[in-house]
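Engineer: The following block contains a protein sequence and its predicted model.
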Amino acid sequence: MSKRNSRINKQLSEEELREVEEFVYSRNIEEDKFLQTMKINVKCKTENQKKLVNSIKENEITICSGLPGSGKAQPLYSKILTPNGWTTMGEIKPGDKVVTPKGEISEVVDTFPQGEKDIYRITFSDGRQVDSCDEHLWKVKYRHWSEDKVLTLREIIDNHSKKIDEKRLYIPLVESTGNVDVDLPMNPYLLGALIGDGGFTNNTLSFTNKDEIVLEHVDSHLKEENYMLEKRKYGKYDYGIKSIDTIKVSGKKGVFTNKIKMVLDDLGIYNRKSENKFIPEVYKTASKRQKLDLIRGLMDTDGTTDTINCSLSFSTSSKQLSEDFVELIQSIGGIAKVTIKNPKYTYNGEVREGLTNYNINIRYPNPEELFYLPRKKDVCENYQYRNLNLRIDSIEYVGKLESKCIMIDDPEHLYITDNYIVTHNTFLSCAEALKLIKTRPKYKRIVLVKSITPLKNEEIGHLPGDLKEKMAPIMESFTDNIRKLIGKTRMEKLIELGVIEIVPIAFARGRSIDNSIILIDEAQNISLDNIRTLMTRIGDNSKMVIMGDVKQKDIRNKKDSSLEIVLKRFDNIEGFGCVELRDPDDVVRNPIIKIVEQVFDDMEDSNN
């Protein structure tokens, strides 16, 4: 019999008991030392916040509503990116789809009108702007921080204005706005090249370029449509675009037999001069791969790169094309800034004004992706802006405006707003729990509990991975706030030490949770049976905080939501505590459980 199995079948010896005690003692010392390194500095900004913190300190059970997701508002005119293009905060509704910064599609779970809110305008280094309330969350980067922080706009204004003045505060850029290819009427590289060096203001299509590699690449895409480039007799670098097969000319004005002409005409860009060219809308909703192909066509023809430091630019005489190109670069995670010049030239001794030139300076983490042409692509090896973020330049007050916030079905709660800005979608309770763990020795751990599904019988077996992996995305509202308070490294260490424990509702049954701060989030999605189970899990020397928002019910049958009911039923009852016993007189744990059981029994009696 193995040593392990022999220990199972007999009591521990005195020596073994000492080993266990020494291990527990050393573990406790490690926890205590580590806890003392934490600094939790959170100030209450409103009377309601103070009331919540005081309630946690004074009571065994605190039930609160309205914290999760409240106040993160934007004005109704703010744009939100969807798979089909832009909509507005005012127009979006539950069930709509939005695009996340990683290019995934997420559903809008609910929307919450916020009335008039104080709105601020954030301006970024490339001229982009976005408006939000001061409670809105932003993921912020600073070079001297070991990791990013998620801060409210008010915290940024109050605590980090100097960093903004010094041009040192940044937010992340989008990674992608589409991972799935869409049906396009023309190959994106071919369209980009034609917009750049194509001529289609007369009855014949032309293409003018001197790079053999570009000519071969354009020709290969034309041949996919049974067309080809044909060298013209005049013009050193001029080519016509003709069908490989003989096609009978229509003879009717505005009716084309040339397929390439027909597609360009359907897209609205045939017969457009250089100053009137643009990028058709359907290409703005394409996948990142397709957008990169389009950009390559544009950059191979009208783009430049400096051979010394690989500074990228794109030039056009079309204001609309410059705006469309900027949007393309922003949508794939780049930065683009436009410089306008009004050139002059002399003709027969007379000084004349040329077409306005829009020169777009580009920063992109992987600039070699923006070219197909090797002579431009190879210059990008020494690029200096690979770790790219968007700098905040200024924040100014706009005024009070009708606002709204949304909740999306995404673990990070991030969506894309005006000009491809990444914006964020139970903070005080986490802060107070960490303070209590640090300062009150009787509290040994923080137990995080959250509804997994809006079903009465919660199961997580169908989810992939072990318990920690299953629960990670579900517990994001907790872990995100704890990261903000003490940092990612300390949070992971507390989880490793067992000071922070993640528990699904189903795993709480049958337990008495002693010496703990128990945090229950999104109680509006927990049924009465399950909230009763949770409230009766509180053990000796424990506190419980039940959080949620009665306006954000995702539970299938909203009548089953427990939060409003327990808020009303337990109001003005001194102290709480719980256990799953039918007869209150049988309670041998926290005595206040009797009150919880009695209240629920009274409710059941009144319903019968």
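Structural biologist: That came through fine.

Engineer: what sits against S313?
Structural biologist: Taking Cβ atoms under 8 Å, 6 or more residues apart in numbering as the criterion, S313 is in contact with G303, T304, T305, N359, I360, N361, I362. Quick note: C-beta positions are derived from backbone N, CA and C, even for glycine.

Engineer: May I see these organised as JSON lines, with secondary structure and neighbour count added?
Structural biologist: Shown next, in JSON lines, are the contacts of S313 (DSSP: H, G, I helix; E, B strand; the rest coil; neighbours: other Cβ atoms under 10 Å):
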{"residue": "G303", "secondary structure": "strand", "neighbour count": "23"}
{"residue": "T304", "secondary structure": "strand", "neighbour count": "14"}
{"residue": "T305", "secondary structure": "strand", "neighbour count": "24"}
{"residue": "N359", "secondary structure": "strand", "neighbour count": "15"}
{"residue": "I360", "secondary structure": "strand", "neighbour count": "21"}
{"residue": "N361", "secondary structure": "strand", "neighbour count": "14"}
{"residue": "I362", "secondary structure": "strand", "neighbour count": "23"}
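
Engineer: for those residues, which one is nearest L497?
Structural biologist: Checking those against L497 by Cβ to Cβ gives I362 as the nearest, at 47.0 Å.

Engineer: do you know how far the closest one is from T479?
Structural biologist: As for I362, its distance to T479 is 36 Å (criterion: Cβ to Cβ, to the nearest Å).

Engineer: and what of K376?
Structural biologist: Counting by Cβ to Cβ, the gap from K376 to T479 is 44 Å.

Engineer: for T439, same thing?
Structural biologist: Following Cβ to Cβ, the distance that separates T439 from T479 is 22 Å.

Engineer: And Y443, by the same measure?
Structural biologist: Between Y443 and T479 the distance, using Cβ to Cβ, works out to 19 Å.

Engineer: residue ranges for the helices of the stretch 351-500 of the chain, please.
Structural biologist: In order along the chain, the stretch 351-500 of the chain carries the following helices (DSSP state H, counting those that start in this stretch): 374-377, 427-439, 467-471, 476-486, 488-497.

Engineer: Lowest average confidence across these, which one?
Structural biologist: Between the helices of the stretch 351-500 of the chain, the lowest average pLDDT goes to helix 467-471, which shows a mean of 56.

Engineer: How many neighbouring residues does K163 have?
Structural biologist: As a burial measure, K163 scores 17 neighbours (other Cβ atoms under 10 Å).

Engineer: how about the residue nearest to it when sequence neighbours are not counted, what does it touch?
Structural biologist: The shortest distance from K163 to any non-neighbouring residue, by Cβ to Cβ, 6 or more residues apart in numbering, is to L169 (4.4 Å). When contacts are counted by Cβ under 8 Å, 6+ apart, L169 touches V140, K141, Y142, I156, H160, K163, R391, I392.

Engineer: In space, what's closest to the last one - neighbours in sequence excluded?
Structural biologist: With Cβ to Cβ, 6+ apart as the measure, L169 is the residue that lies nearest to I392, at 4.8 Å, once sequence neighbours are left out.

Engineer: Mark out where each domain of the chain begins and ends.
Structural biologist: The chain resolves into domains spanning 27-66+427-607, 74-172+389-424, 188-382 when parsed by automatic domain parsing.

Engineer: quick one, which of those domains is nearest to G178?
Structural biologist: G178 lies closest to domain 188-382 among the domains of the chain, at 4.4 Å (Cβ to Cβ).

Engineer: Now do the closest one: distance from first to last residue.
Structural biologist: Separation of the first and last residues of domain 188-382 by Cα to Cα, to the nearest Å is 28 Å.

Engineer: now do stretch 378-393
Structural biologist: With Cα to Cα as the measure, the first residue of stretch 378-393 is 33 Å from its last.

Engineer: now it, how far from the centre of its chain.
Structural biologist: Relative to the mean C-alpha coordinate of its chain, stretch 378-393 is positioned 22 Å out (Cα atoms, centre = their mean, to the nearest Å).

Engineer: neighbouring contacts of that stretch?
Structural biologist: Applying Cβ under 8 Å, 6+ apart, the set of residues contacting stretch 378-393 from outside is 122-126, 128, 141, 156, 164, 167-173, 305-307, 309-310, 333-335, 363-368, 371, 421.

Engineer: Stretch 397-404 too?
Structural biologist: Counting contacts by Cβ under 8 Å, 6+ apart, the residues touching stretch 397-404 from outside are 73-76, 89-90, 111-121, 131, 133.

Engineer: Just the CA trace of it, in CSV.
Structural biologist: Extracted C-alpha coordinates of stretch 397-404, given in CSV (Å, rounded to 0.1, in the frame of the first residue of the first chain):
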residue,chain,number,x,y,z
TYR,A,397,-16.2,69.8,-21.3
VAL,A,398,-19.0,69.8,-23.9
GLY,A,399,-22.1,70.2,-21.8
LYS,A,400,-25.2,68.3,-20.6
LEU,A,401,-26.5,66.0,-23.3
GLU,A,402,-29.0,63.1,-23.6
SER,A,403,-27.0,59.9,-23.2
LYS,A,404,-27.3,56.2,-23.2
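
Engineer: which helices and strands sit right next to the helix or strand containing E564?
Structural biologist: Per DSSP states H and E: E564 is located in helix 563-569. Packed against helix 563-569, as judged by 3 or more Cβ pairs under 8 Å, 6 or more residues apart in numbering; DSSP states H and E, are the following elements: strand 61-65, helix 528-535, strand 543-548, helix 593-607.

Engineer: what's the least confident stretch among these?
Structural biologist: Out of the helices and strands packed on helix 563-569, the stretch the model trusts least by mean pLDDT is helix 593-607, with a mean of 64.

Engineer: Leaving out sequence neighbours, find the closest residue to the spatially most central residue of the chain.
Structural biologist: In the chain, the centroid-proximal residue (Cα atoms, centre = their mean) is L414; its distance is 2.2 Å. Spatially, and ignoring its direct neighbours in sequence, L414 is nearest to P101 (5.3 Å; Cβ to Cβ, 6+ apart).

Engineer: No further questions, thank you.
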